[in-house]
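Student: next input, structure requested:
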Amino acid sequence: MNSTLATRIAATMGLLAVALGAFGAHGLKELLAQNGTAAIWEKAVLYHFIHAVMLFVLAERKPFSSVAWWSFLVGIFFFSGSLYLLAVTNMLWLGAITPIGGVSFLFGWAWLIFTVGRRNSG
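Tutor: Got it, this is the predicted structure:
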């Protein structure tokens, strides 16, 4: 993957985080209140947005840290994605998927800890 594509995907993830945050606050307000899951939606948006910003930062970094970048993208899908679905469906079993994304986030951050300053951080 090249830096331009990674930046575009990062920007798309940022756009989605903002759009889903607004959609949850307005379009899904009644459903989330009925399900008692507004806080779950908000947590999904928070982690989605934080890691979308990190995708952008990593995409612009030289050298491109693809391992951390992919780890954060996978984390967004599994962590935030499962929470978005849980919030709108109230299917509690989806919460079992969320830790996969959390581990992916942790792995990405750990990768950065141990590769900062190295020339070929992958």
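Student: show me the shaky parts of the chain.
Tutor: Counting by pLDDT under 70, the chain contains low-confidence ranges at 118-122.
Student: try it again at 80.
Tutor: Within the chain, the set of residues satisfying pLDDT under 80 comprises 116-122.
Student: so which residue is dead centre in it?
Tutor: Ile76 (2.5 Å; CA atoms, centre = their mean).
Student: quick one: contacts for that residue?
Tutor: Met13, Tyr47, His48, His51, Ala52, Leu55, Gly101 (CB atoms under 8 Å, 6 or more residues apart in numbering). For the C-beta atoms, the positions are set from N, CA and C on the backbone; glycine is no exception.
Student: go through the residues you listed and give me the one with the most neighbours.
Tutor: His51 (29 neighbours; other CB atoms under 10 Å).
Student: leaving out sequence neighbours, find the closest residue to Gly81.
Tutor: Excluding the flanking residues, the one nearest Gly81 by CB to CB, 6 or more residues apart in numbering is Gly101, at 7.3 Å.
Student: and the strand or helix carrying that neighbour, what other elements does it pack with?
Tutor: Using DSSP states H and E, Gly101 sits within helix 98-115. Judged by 3 or more CB pairs under 8 Å, 6 or more residues apart in numbering; DSSP states H and E, the packing partners of helix 98-115 are helix 38-60, helix 66-75, helix 81-89.
Student: and the contacts of the first one?
Tutor: Just to be clear, that refers to helix 38-60. 3, 6-7, 9-11, 13-14, 16-18, 20-21, 24, 28-29, 32, 64-65, 68-69, 72-73, 75-76, 79-81, 83-84, 86-88, 101, 105, 108.
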